[in-house]
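J.: could you work out the structure for the sequence below:
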Amino acid sequence: MSEKFYIEQAECCARAAAAAPLDNQRDTLLRSRAVWLGLAAREQTIQAGRAERDRARNEEFIDV
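T.: Just a heads-up that it's a prediction; the model follows:
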């Protein structure tokens with residue numbers, strides 16, 4: 001999954017929560033939104049780590 005997908009899901013949950021007539025529905029949707037945002041942040045961290053490893057690997061290859 002991509003970070004964009006996770007953010008889209010979080011936005012969908014936020015819109016649904018705003019329209020939810022019941023408090024328990026709104027709470028569930030807001031918790032879901034928080035989880036989607038957490039997944040997006042995790043994906044961003046993974047991608048940054050991957051880019052750093054690739055950069056280090058390329059530097060190592062160039063130095064050889």
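J.: residues near Leu22, how many?
T.: Other residues near Leu22 come to 8 when the count uses other C-beta atoms under 10 Å. C-beta: built from backbone N, CA, C; applies to glycine.
J.: meant to ask about Thr45, not that
T.: Neighbour count of Thr45, defined by other C-beta under 10 Å: 11.
J.: please give the element, helix or strand, for it.
T.: Applying DSSP states H and E as the criterion places Thr45 in helix 23-63.
J.: next one: that helix to chain centre, how far?
T.: Distance, stretch centre to chain centre, for helix 23-63: 5 Å (C-alpha atoms, centre = their mean, to the nearest Å).
J.: contacts only, for Ala40.
T.: Ala40 makes contact with Glu3, Tyr6, Ile7, Ala10, according to C-beta atoms under 8 Å, 6 or more residues apart in numbering.
J.: reformat those residues as TSV; add distance to Gln47.
T.: Converted to TSV, the contacts of Ala40 look like this (distance: C-beta to C-beta, whole Å):
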residue	distance to Gln47
Glu3	7
Tyr6	12
Ile7	13
Ala10	17
